[in-house]
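Peer 1: coords please:
(one chain, ligands or ions: 3)
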Amino acid sequence: MTYSIKSRALALAIAAVGAVLVVAAAHLAPAQDAAPAAAPATTTDPAAQPAEAPAPVDPLVQKGEYLARAGNCVSCHTRPGGEPFTGGLAFQLPSYSFLGEIHSTNITPDPETGIGTWTEEQFIRAMHSGVAADGSHLLPAFPYTAFTLVADDDVKAIWAYLKTVPPVKYTPPSNGIAFAMRWPVAFWNALFFKEGRYQADAKQSDEWNRGAYLVEGLGHCSACHTPRNLLLAERADMKYAGGTQPDLVAEGKIRTWSAANLTSAASGLGPWPVEQIAKYLKLGHSTKAGIFGPMNEVIINSLQHLTEEDTKAMAVYLKSLPPLGESPTQTISDEQRTAGGALYKTHCDECHSNSGRGAFLKAPPVAASAIVQAANPASLLNVILYGAKVGAGSPSPFGAWEDMPSFQSKMTDAEIATLANFLRTNWDNRGGAVSAADVAKQR
Ligand code: HEC
Ligand code: HEC
Ligand code: HEC
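Peer 2: Ligands and ions are numbered 1, 2, ... in the order given. From the prediction side, this is the model:
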């Protein structure tokens, strides 16, 4: 990187704003619990509309609703127990907690507390440039860095839909004092934000372009799946190689999660056929994995509502990402390997099988798993400590399998580290060493 930061104060200010970025995932209380139940019962299939629907639905509004789902506006703009789109969900960065929290805004059409007095132009400017109606900069916790790619017509459809959402009077709590100052965002934008609509790649198929448009734009997958630099901007050289963000591991408990490598690396989606990626995105399970953790919210509130054509297109695009960020090979001592193998046999073998390939009606594979091999073992350790649960409202309510139980009271930190090292080096898996201290951080 070639920029230099002259003043310490400015550096701090930029860091403060940059810090907010990670919030993309730092849901203090993810809307996952609240949103699916509270979200209006809607459907993208006109044939399935209730017969007593009061008025015929405007196709533009319907299109906008579909696109709002693709952008998962509801997950970030709904606090637990709140009405959809009324905002107030808190975001913070644990290691920067002195900066305070920021809150998502009310985007219902209430004229006083929501965006009822906004014009369509102002809404388009917010989505494309990250600028609010009053001209101030929005914090990059709002993923305008991805939404800038969304075509004008699609933004207009989302606007038409949001105007039909019931207006609700609700003012989210005010942001931490550090975030009251919005001018530093201009500097951050100058360094890291590239405004502009998606440009189709003529060398690729229509399907690939549709997938790229959804993944890069409304889907904002890279917000979680790309590692960030010191100022918390996504690293262009490591796109989709796997990021980290804080989120719930259990009721009221926030820990780091590592978002899997989505490139074609062997420690990413390399071993997944396109059909299995598409199935996972649409149904929440495939022969390769089932949903748990932060992906519950992404699939339950957003991806399951997309058409099969669209989730397939996303899979086609993801499958084309060149491999990046392979995990290093780790060598563990024979002694540790034996100990890890014994722990696996006692606790895991029953469902994941001796071959690591999982078992029909039992569990997905741990061999070649992106979660097991991730450079940062946080999600692997979370799964072992807290179990893996399919969230309420999943497209496959009972998952493909029974939930995986929690092992936090059954093993010490050292044992879990030994087991993790066994998983990361057995079969053809490759992953760096895990220590007891790594496990302690996730407890
Ligand atoms: C990853 C979380 C996240 C997602 C997803 C998200 N938003 Fe937001 N949004 C925020 C946050 C946080 C803010 C507040 C930013 C600030 O205070 O500067 C915000 C602010 C906004 C604003 C500015 C409102 C105002 O009063 O200034 C609009 C408009 C908006 N979002 C619309 C949307 C739409 C439409 C979608 C879906 C297509 C969406 N957002 C998806 C987090 C999100
Ligand atoms: C809020 C952050 C977040 C967003 C947004 C997000 N992901 Fe994820 N994703 C994660 C995390 C964390 C994991 C690993 C733990 C888990 O599965 O929840 C993951 C795991 C995955 C996996 C691997 C699952 C497995 O078990 O091997 C796939 C595939 C995936 N995500 C695809 C996507 C796609 C496609 C998008 C965009 C539409 C997306 N994700 C958006 C956080 C996110
Ligand atoms: C009762 C059966 C069962 C047992 C025992 C079990 N698991 Fe699981 N495991 C599952 C299921 C089911 C899933 C998929 C969860 C979902 O769909 O939400 C899973 C998922 C996982 C994943 C995520 C894989 C991926 O790529 O998405 C890992 C890693 C994992 N288990 C490791 C372990 C380890 C290590 C043990 C032993 C300590 C273990 N499991 C014990 C059933 C089990």
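
Peer 1: quick one: low-confidence ranges for the stretch 301-443 of the chain?
Peer 2: By pLDDT under 70, the low-scoring segments of the stretch 301-443 of the chain are 397-400.

Peer 1: Around ligand 2, pick out the residues from it.
Peer 2: Taking Cβ under 6 Å from any ligand atom as the test, the list of the stretch 301-443 of the chain residues beside ligand 2 reads 303, 314, 369-371, 379. No exception for glycine: its C-beta is placed from N, CA and C like everyone else's.

Peer 1: Serialize these to JSON lines and add fields for distance to residue 177.
Peer 2: What follows is these, written out as JSON lines (distance: Cβ to Cβ, whole Å):
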{"residue": "303", "distance to residue 177": "37"}
{"residue": "314", "distance to residue 177": "40"}
{"residue": "369", "distance to residue 177": "43"}
{"residue": "370", "distance to residue 177": "39"}
{"residue": "371", "distance to residue 177": "38"}
{"residue": "379", "distance to residue 177": "33"}
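
Peer 1: Looking at these, spot the one nearest residue 178.
Peer 2: Set against residue 178, the nearest of these by Cβ to Cβ is residue 379 (29.1 Å).

Peer 1: and the nearest residue to the closest one once chain neighbours are set aside, how far is that from residue 179?
Peer 2: When the adjacent residues along the chain are set aside, residue 379 lies closest to residue 258, with 4.6 Å between them (Cβ to Cβ, 6 or more residues apart in numbering). The gap separating residue 258 from residue 179 is 26 Å, by Cβ to Cβ, to the nearest Å.

Peer 1: what's the answer for residue 185, then?
Peer 2: If you go by Cβ to Cβ, the gap between residue 185 and residue 179 works out to 10 Å.

Peer 1: can you pull the contacts of residue 427?
Peer 2: If you count contacts by Cβ atoms under 8 Å, 6 or more residues apart in numbering, residue 427 has them with 355-356, 367-368.

Peer 1: go with 10 Å
Peer 2: Taking Cβ atoms under 10 Å, 6 or more residues apart in numbering, we find residue 427 in contact with 355-357, 365-369, 372.

Peer 1: and if you look at residue 174?
Peer 2: Contacts here follow Cβ under 10 Å, 6+ apart; on that basis residue 174 touches 100-103, 180.

Peer 1: Quick check: residue 212 touching residue 222?
Peer 2: No - using Cβ atoms under 10 Å, residue 212 is not in contact with residue 222, being 11.5 Å away.

Peer 1: more neighbours, those two?
Peer 2: The neighbour count for residue 212 versus residue 222, taken as other Cβ atoms under 10 Å, is higher for residue 212 (24 against 21).

Peer 1: following the helix or strand encompassing that one, which helix or strand shows up next?
Peer 2: Element membership for residue 212 (DSSP states H and E) is helix 206-216. Downstream of helix 206-216, the first helix or strand assigned by DSSP H and E is helix 222-225.

Peer 1: So which residues make contact with that following helix?
Peer 2: With Cβ under 10 Å, 6+ apart as the test, helix 222-225 has contacts from 21-25, 140-141, 143, 145-146, 215-216, 234-236, 239-245, 247, 257-263, 268, 294-295, 298, 318.

Peer 1: Tell me which entries of those lie within strands.
Peer 2: Cross-referencing the contacts of helix 222-225 against strands under DSSP state E gives 244-245, 247, 257-258.

Peer 1: Determine which two of those are furthest apart.
Peer 2: Across the ones in strands among the contacts of helix 222-225, the two lying at the largest distance from each other (Cβ to Cβ) are 247 and 258, at 10.8 Å.

Peer 1: intersection of neighbour lists for those two?
Peer 2: In terms of Cβ under 10 Å, 6+ apart, residue 247 and residue 258 are both contacted by the residues 224, 293, 382.

Peer 1: gap between the residue nearest to the second one when sequence neighbours are not counted and residue 66?
Peer 2: Here the nearest residue to residue 293 in space, its sequence neighbours aside, is residue 257; by Cβ to Cβ, 6+ apart that works out to 5.7 Å. Between residue 257 and residue 66 the computed distance is 28 Å (Cβ to Cβ).

Peer 1: So which of those two has more stuff around it?
Peer 2: Summary of the neighbour comparison: residue 257 and residue 66, criterion other Cβ under 10 Å, with residue 257 having more neighbours (27 against 21).

Peer 1: got TSV for the residues of the stretch 301-443 of the chain next to ligand 2, with secondary structure and neighbour count too?
Peer 2: Below are these laid out as TSV (DSSP: H, G, I helix; E, B strand; the rest coil; neighbours: other Cβ atoms under 10 Å):
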residue	secondary structure	neighbour count
303	helix	25
314	helix	27
369	coil	25
370	helix	26
371	helix	24
379	helix	27
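
Peer 1: Nearest to residue 159, out of those residues: which one, please.
Peer 2: Among those, and counting by Cβ to Cβ, the member closest to residue 159 is residue 303, at 22.3 Å.

Peer 1: Tell me if I'm right that the closest one and residue 219 touch.
Peer 2: Yes - counting by Cβ under 10 Å, a contact exists between residue 303 and residue 219, whose distance comes to 7.9 Å.

Peer 1: which neighbours do these two share?
Peer 2: Listed contacts common to residue 303 and residue 219 are 70, 72, 281, 310, 314; contacts here mean Cβ under 10 Å, 6+ apart.

Peer 1: Assess the claim that residue 246 and residue 257 are in contact.
Peer 2: Yes - counting by Cβ under 10 Å, residue 246 touches residue 257, with 7.3 Å between them.

Peer 1: Please enumerate the helices of the stretch 251-400 of the chain.
Peer 2: If you assign secondary structure with DSSP state H, counting those that start in this stretch, the helices in the stretch 251-400 of the chain sit at 274-283, 294-301, 308-319, 334-347, 349-352, 370-373, 378-386.

Peer 1: now the angle between helix 308-319 and the second one, please.
Peer 2: With axes from the mean of the first three to the mean of the last three Cα atoms, to 10 degrees as the basis, helix 294-301 and helix 308-319 are set at 150 degrees to each other.
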